[in-house]
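K.L.:
structure of the sequence below:
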Amino acid sequence: MAANLALLLTGSLCLLLVVALIKTLHKFWWTPLRIQHAKNLQGINGPPYKFIQGNNKETLKLRKEALSKPMASLSHDILPRAHAHVYARINLYGKNYLSWAGNTAQIHITEPELVKEVLKNSERIFPKKTSRERKKRDDTFIINKIIGDGLIASEGEKWAKQRKLANYAFHGESLKSMTPAMIASVENMLQKWKQFEGKEVEVLEELRLLTSEVISRTAFGSSYLEGKKIFDMLMRLTVLSSRNMFKTKFPVISKFWKSADFIEADKVAKKIHNCVMEIVKKREEKVLSGEANNFGTDFLGLLLNAFHDPNKNNMLSEQDLVDECKTFYFAGHETANSSLGWTILLLAINPDWQEKARKEVFEVFGNQTPHSEGIGRLRINEA
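P.N.:
I've put the predicted structure just below:
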């Protein structure tokens, strides 16, 4: 009896292993090769698929090589550096090609007219990935810790509710009220720069500090140090995410074993959650103590009104509240910082436009501090 039972268990285990092997081969070998063959017949070529890893190893190598040396000259032709793998494959396989992120097929389209055609007919074809879908792929899991299920990732009714809150916080009148805080932050930065006269300044880092201060003060009513702590942790998550973007994750093993980067990302995400909730509790305590009669009209105040809304349909959960704060801290900071840095670079290499922009500012404001009414009359600077 025992021998029969052992034989049965051994047979069942062998059957399970065979089924698992067949499924693995179907997912990571047969299906990719079938897709690759079908696309080749349609005239779409690309680097050959490699078992499990796809083209990740080659992509990572091309990116590292491009970023290991400075650009030869300042130029708008940045594709060879920013997306070295795309640039190399366009030259090898044409403007439209097939590549592999692990076992996921990716068709790259770089012909402008074809891109327009795809986007023109794409209503609901490219939905946002849900939080659950993002977690399925290990290489995007750290990104999920950065934005959570905030405005960038959400859809449907949840997106509409979150977008409504953002619209209230950043309509024209609200932005006008933020202008003094923005001006004060810029003046502080320029005052600090005076000590660097005749020396080099790491402008992008200075702008990172500036935008973090402005966002902390105007959107969350928090101190620069509180905001800087959150920004620094979000930047750390960004570094971890970028470092793991093109690393191959092996099936089954990656679900039970986490690398040092993913363990660190978990810890950083928890710290960000706690930091955001500390800022929230300070605002709540002001209302409870009678120091303030409402949560405020900035972005954090509107989020807190929704967080405490008695109507469950309008209420934000604690995780939603944190995700929205993280989304705005990260997205607002990155877009503003990058835009300012790029603008200063363009002005530096185009002194004629720099002079035109400076002249317009003096024509509109003279020697006065900029104000919201005058900003709307800046045409060259808007461009």
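K.L.:
Ala260: neighbour count?
P.N.:
Using other CB atoms under 10 Å as the criterion, Ala260 is surrounded by 8 other residues. Heads up, the C-betas are built off the backbone N, CA and C, glycines and all.
K.L.:
mind pulling up the pLDDT for it?
P.N.:
Reported pLDDT at Ala260 in the predicted model: 85.
K.L.:
what helix or strand is the spatially most central residue of the chain located in?
P.N.:
Compute the mean C-alpha point of the chain, and by CA atoms, centre = their mean the closest residue is Ala331, 6.3 Å away. Under the criterion of DSSP states H and E, Ala331 resides in helix 318-349.
K.L.:
which helices and strands sit right next to that helix?
P.N.:
Here helix 318-349 is seen to pack against helix 138-147, helix 156-169, helix 203-219, helix 224-244, helix 260-288, helix 299-307, helix 351-365 when contacts are counted using 3 or more CB pairs under 8 Å, 6 or more residues apart in numbering; DSSP states H and E.
K.L.:
quick revisit: quick check, the residue nearest to the centre of the chain in contact with Ile152.
P.N.:
Yes - counting by CB atoms under 8 Å, Ile152 is a contact partner of Ala331 at 6.4 Å.
K.L.:
just for the stretch 101-250 of the chain, where's the confidence low?
P.N.:
The model of the stretch 101-250 of the chain has pLDDT under 70 over residues 121-141, 169, 172, 248-250.
K.L.:
quick one: Ser212 from Pro70, how far?
P.N.:
Using CB to CB, to the nearest Å, Ser212 is found at 27 Å from Pro70.
K.L.:
that older thread, can you pull the contacts of the residue nearest to the centre of the chain?
P.N.:
Ala331 makes contact with Ile147, Ile152 under the criterion CB atoms under 8 Å, 6 or more residues apart in numbering.
K.L.:
gap between it and Asp323?
P.N.:
From Ala331 to Asp323 the distance is 12 Å (CB to CB).
K.L.:
now do the shared contacts for those two.
P.N.:
Common neighbours of Ala331 and Asp323, using CB under 8 Å, 6+ apart, are Ile147.
K.L.:
domain assignment for the protein?
P.N.:
According to automatic domain parsing, the chain comprises the domains 42-127, 146-349.
K.L.:
CSV for those, including distance to Glu373?
P.N.:
Formatted as CSV, the domains of the chain follow (distance: least, CB to CB, whole Å):
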stretch, distance to Glu373
domain 42-127, 34
domain 146-349, 9
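K.L.:
those domains: which one's closest to Leu9?
P.N.:
domain 146-349 (21.0 Å; CB to CB).
K.L.:
quick one: distance of that closest one to the chain centre.
P.N.:
11 Å (CA atoms, centre = their mean, to the nearest Å).
K.L.:
and it, how far apart are its ends?
P.N.:
Distance across domain 146-349, first residue to last, is 34 Å (CA to CA, to the nearest Å).
K.L.:
buried set for the helix holding Ala331?
P.N.:
320-330, 332-334, 336-337, 340-341, 347 (16 or more other CB atoms under 10 Å).
K.L.:
would you say Tyr97 is within a helix?
P.N.:
No - counting by DSSP: H, G, I helix; E, B strand; the rest coil, Tyr97 falls outside a helix, being strand.
K.L.:
quickly list what it is bridged to.
P.N.:
Counting by DSSP bridges, Tyr97 is bridged to His108.
K.L.:
how about the contacts made by it?
P.N.:
When contacts are counted by CB under 8 Å, 6+ apart, Tyr97 touches Ile44, Asn45, Gly46, Arg89, Ile90, Ile107, His108.
K.L.:
how about the nearest residue to the second one, chain neighbours excluded?
P.N.:
Taking CB to CB, 6 or more residues apart in numbering as the measure, Asn45 lies nearest to Tyr93, with 4.7 Å between them; neighbours along the chain are not counted.
K.L.:
give me the neighbour count for the one you found.
P.N.:
For Tyr93, using other CB under 10 Å, the count is 16.
K.L.:
ditto for Arg63
P.N.:
For Arg63, the neighbour count with other CB under 10 Å is 19.
K.L.:
what pLDDT is listed against it?
P.N.:
pLDDT at Arg63 comes out at 90.
K.L.:
give me phi/psi at it?
P.N.:
With angles defined as degrees, to the nearest 10, Arg63 sits at phi -70, psi -40.
K.L.:
from memory it sits against His85, does it?
P.N.:
Yes - the pair Arg63 / His85 is scored as a contact, 6.1 Å apart, by CB under 8 Å.
K.L.:
looking at Ser212 and Pro70, which is more packed in?
P.N.:
Neighbours of Ser212 and Pro70, each counted by other CB under 10 Å, are more numerous for Ser212; the result is 25 against 7.
K.L.:
just give the nearest non-adjacent residue to the more buried one, would you?
P.N.:
Excluding its sequence neighbours, the residue lying closest to Ser212 (CB to CB, 6+ apart) is Phe231, at 4.5 Å.
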